[in-house]
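*Asks:* Test case, fold it:
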Amino acid sequence: MAETILIVDDDPDILELLKMNLEPEGYNIRMANDGERAVQSACLNPPDLILLDVMMPHKDGFQVIEELKEIEHTKNVPVILLTARGQTEDKVLGLDTGADDYITKPFDLRELTARVEAVLGRTRPIKYINPLMHAMGDKFSEEGLQQLAGHLQAAAAIQKKLLPEQAPSLEGFDIATLLQSSTSVSGDFYDFIPLNETQIGLVLGDVKGNGIPAALLMVMIRTALRLLCHEEDSPASILKRVNDLVVRDTEADLFATMVYGILDIANSTFTYSNGGHCYPFHWKNHSEMEVLKTKGMLIGAFEEATFSSNICSLSPGDILVFYTDGITETENGNIVPQVSSIGLHKVSSNNPSTPTSAVQGDALRDAIPMDMFYGGDRLAACISKNAGLSASTLCETVVNDLTLFSGSTNSHDDRALIIIKRDT
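*Replies:* From the prediction side, this is the model:
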């Protein structure tokens, strides 16, 4: 994200000159022509840096700095003074008042740009660590940070233990799983829940975002599912009850998508319900890829959410594929996107229920190259082409294809994958 610089000077020519010099460097530029407007602008939306003239009518640069330093959300904004004065005492006064650097007019534009980058380079770490300092309060110290790191490691270990150590071994079925976390803890999750001698519950979910908040909601949903799946018979009713719980006990912007289903090994059927998640694939008859669609809303986003269930039969050689959007939204490492910041949301090609307007959809199709994301079609093609492989080898093949597509083994999003293959 581009950094914002607020330029303050009562000379309009200098304002325009600095803007013309700094905008091509990638900075967002705001301008104010007096000290009072500078304070108002900084308080309304704190910039990353202020270039501040000293000699201005009504309120000079020293007064502006003093005022901003008294305000909580502007006191750490770095300031470079622009002054025509050459006296040492004025430079010292500026630094004593709280300025981070000064430049004497007339200034060399190359030197100014270098000074701007130098100050921002020193203050960037402070900018990003300030929220951590605020959250930790008095515990923000070397010892406190070490303790926090230990807590994060413990959280990751606990979450890892909550996931199945290995895929279940079921007579007549070959099952493999994959989970790749973009951070130490993950918002993607899966679980296998024994229901009786012939049925097992299966869930694959994706909590919005990643990191600790997503991991906490993941644990909450996983716990609720393990309790509710023994109280309800249909996957739709289970998702309904999970949704009611999440809506009541979480913030409005924290929600999840998930698929829950029941695999019956006695009659080789899979009964499933979908909560706004990527539609699973069913490779059947050794030749046809079916998309398992059911109506369902995001988990935790709406109080009056509704869900439906459906059922599919599994013949020998059939394959079920469950995945999160960290797979289908893997970006093509060979394409540099030329998409303007028009405020569009990504749309899963496999889930048209994603809340995006028709206008946004048209704009996305026009703006984004067709091969920018890995996509559901490529995943389906990979499965179809390699359907003869074992479930675990098929998982490895998908990972290799993702690496080939993205040019990297790392992912910016969590990824989860479950493959279930009925033995031939």
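*Asks:* Please make it C-alpha for all contacts and neighbour counts, starting now.
*Replies:* OK.
*Asks:* Okay, and L93 sits in which element?
*Replies:* helix 88-97 (DSSP states H and E).
*Asks:* partner strands of the next helix or strand along the chain from that helix, parallel or antiparallel?
*Replies:* The C-terminal neighbour of helix 88-97 among helices and strands, as given by DSSP H and E, is strand 101-104. Applying DSSP bridges, strand 101-104 is found paired with strand 79-83 (parallel).
*Asks:* Export only the CA atoms of the strand it pairs with, formatted as CSV.
*Replies:* The C-alpha trace of strand 79-83 is given here as CSV (Å, rounded to 0.1, in the frame of the first residue of the first chain):
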residue,chain,number,x,y,z
VAL,A,79,7.9,15.3,10.4
ILE,A,80,10.5,16.9,8.2
LEU,A,81,10.8,20.6,8.5
LEU,A,82,11.2,22.8,5.4
THR,A,83,12.8,26.1,6.4
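*Asks:* Show the pLDDT at L162.
*Replies:* Looking at L162, its pLDDT stands at 69.
*Asks:* What is the burial count for the nearest residue to L298 once chain neighbours are set aside?
*Replies:* In this structure, L298 finds its nearest non-sequential neighbour in G276, 4.6 Å apart by CA to CA, 6 or more residues apart in numbering. Using other CA atoms under 10 Å, G276 is surrounded by 24 other residues.
*Asks:* For G276, give its distance to E111.
*Replies:* Applying CA to CA, to the nearest Å, one obtains 53 Å for the distance of G276 from E111.
*Asks:* tell me which residues of stretch 42-62 are tucked away?
*Replies:* Neighbour-count burial for stretch 42-62 flags 42, 46-56, 60-62 (criterion: 16 or more other CA atoms under 10 Å).
*Asks:* Sitting in helices, which of those residues do you find?
*Replies:* Among the buried residues of stretch 42-62, the members falling in helices are A42, G61, F62 (criterion: DSSP state H).
*Asks:* and which of those residues is nearest N196?
*Replies:* A42 (62.9 Å; CA to CA).
*Asks:* Could you double-check that the closest one sits in contact with T74?
*Replies:* Yes - A42 lies in contact with T74 (CA atoms under 8 Å); the separation is 6.9 Å.
*Asks:* helix or strand for E396, which one?
*Replies:* E396 belongs to helix 391-406, assigned by DSSP H and E.
*Asks:* before we move on, what about A380?
*Replies:* In the assignment (DSSP H and E), A380 maps to helix 375-385.
*Asks:* now swap in I311 and tell me
*Replies:* strand 309-313.
*Asks:* Please, where are all the helices along this structure?
*Replies:* Under DSSP H, the chain gives helices at 12-22, 35-44, 61-69, 88-97, 109-136, 142-162, 211-228, 235-249, 325-328, 358-367, 375-385, 391-406.
*Asks:* Now the weakest link among those, please, by mean pLDDT.
*Replies:* It's helix 358-367: among those, that one has the lowest mean pLDDT, namely a mean of 44.
*Asks:* Identify the residues contacting A38.
*Replies:* L6, V8, M31, A32, V64 (CA atoms under 8 Å, 6 or more residues apart in numbering).
*Asks:* Tell me if I'm right that the first one and A32 touch.
*Replies:* Pointing back at L6 there. Yes - the criterion here is CA under 8 Å, and L6 meets it with A32 at 7.4 Å.
*Asks:* Nearest to E25 among the ones in helices among the buried residues of stretch 42-62?
*Replies:* A42 (21.4 Å).
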